[in-house]
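**Q** sharing a model prediction with you, sequence too.
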Amino acid sequence: MRGNQCVYKDFITTPEEVLPLANKRSINYRAFCGKFSDFIAGSDMTSHRYYSERQGLNPNAKGLPLLDICGLFIRVFSQLQTDGYFDEALGSWCVDAGHTPGYIGDVDLEMLLAIRKKDLYPIEDRALSYSEDDLFDVIEFLYQHVSAPVDGTMHNFGGCGMHWETFNKQKGQVLFREKINGVLGNYARRYELSVKGEILQSPDVGFEMIFEADLPTKDQTIVERTNAAIVRYRRHGSTTDDRRQAVRDLVDVLEYLRPQLKVLLTKSDESELFNIANNFGIRHLNDQQKTAYDASIWLSWMFYYYLSTIHVVLRKIEASKSK
């Protein structure tokens, strides 16, 4: 989406051999899908661009490299640790008692058992040598164990500070996710930490709100299958096959809704809705399939096409019930 204009409009001019809807009237995006822009249009996402970026002089205009992101991660982790957000899990330091272990005990061993990698801890010593996978593994690990300090006892001797005794995991995760996404937002590659603690690829610009929107249905089959497809598509390291499967899963949701679609759409519109999936190497594998297209581009289009269509269809179904 660009502003309030649906990006789908641009794709209708694509050559017919790639997109059969190109010269067809059947599915009118502005009537059927384009109005979804009213639903997912968000606030202005732009921010101030500084001189070097405006002039094309900033070498990091598109984001910072991994090494710099690891450095920022260390600083965020160290600050949260100082503020007590990892005292419950990783332990704390006292001028009298020395190191007091948290509930994990041996952190290095726990990381080895959980992540199945060595030499990730201590974080301050190791993080600058992390690969991207290492960094994301550790972020997900920490999300599972962060907790906000709530109450404790002040130890004044030697400037020791608070000895936290009670914690709130949910509040800790909220702040940790906020801080980490602030770091990842500066990365040259687009990722974010989800509310479930998974590193996912960030949405394409303009489509952020479609992932935050609740599906207007109480049918858990639809909700679970759609959400699983979203995670499969956005998960860090997802392959072309993963993305193709995610598109296939979304089409399966529409197939599940097909009896109700017959009431909402004309027969030709309903047929064209499944045309791409049935003839472009998504649901079937045979010599009749058209597969000579750039999957990295068109699978993205198909994914957003079918996801937004699910939202629109569900809203039309709900609207029809209220009449």
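**A** Perfect, I can see it now.
**Q** contact partners for residue 103?
**A** Contacts here follow Cβ atoms under 8 Å, 6 or more residues apart in numbering; on that basis residue 103 touches 88, 89. All C-beta atoms are positioned from the backbone trio N, CA, C, and that covers glycine.
**Q** that's a strand at it, yeah?
**A** No. Counting by DSSP: H, G, I helix; E, B strand; the rest coil, residue 103 falls outside a strand, being coil.
**Q** can you read off the pLDDT for it?
**A** Turning to residue 103, the model gives it a pLDDT of 96.
**Q** do the same with the one 10 residues further on
**A** On the pLDDT scale, residue 113 is placed at 96.
**Q** the helices in the stretch 151-300 of the chain, which residues?
**A** Per DSSP state H, counting those that start in this stretch, the stretch 151-300 of the chain has helices spanning 169-184, 208-212, 220-234, 240-256, 258-264, 267-279, 295-321. These are given in chain order.
**Q** so which elements touch the fifth one?
**A** Secondary-structure packing of helix 258-264 (3 or more Cβ pairs under 8 Å, 6 or more residues apart in numbering; DSSP states H and E): helix 267-279, helix 295-321.
**Q** right, and those helices - which one's nearest residue 147?
**A** helix 295-321 (34.1 Å; Cβ to Cβ).
**Q** tally of neighbours for residue 274?
**A** Neighbour count for residue 274, taken as other Cβ atoms under 10 Å: 17.
**Q** what sits closest to it if chain neighbours are left out?
**A** Excluding its sequence neighbours, the residue lying closest to residue 274 (Cβ to Cβ, 6 or more residues apart in numbering) is residue 251, at 6.8 Å.
**Q** that neighbour against residue 275, yeah?
**A** No. Under the criterion of Cβ atoms under 8 Å, residue 251 makes no contact with residue 275, lying 10.7 Å away.
**Q** and those two? which has more neighbours close in?
**A** More neighbours surround residue 251 than the other of residue 251 and residue 275, with 22 against 16 (other Cβ under 10 Å).
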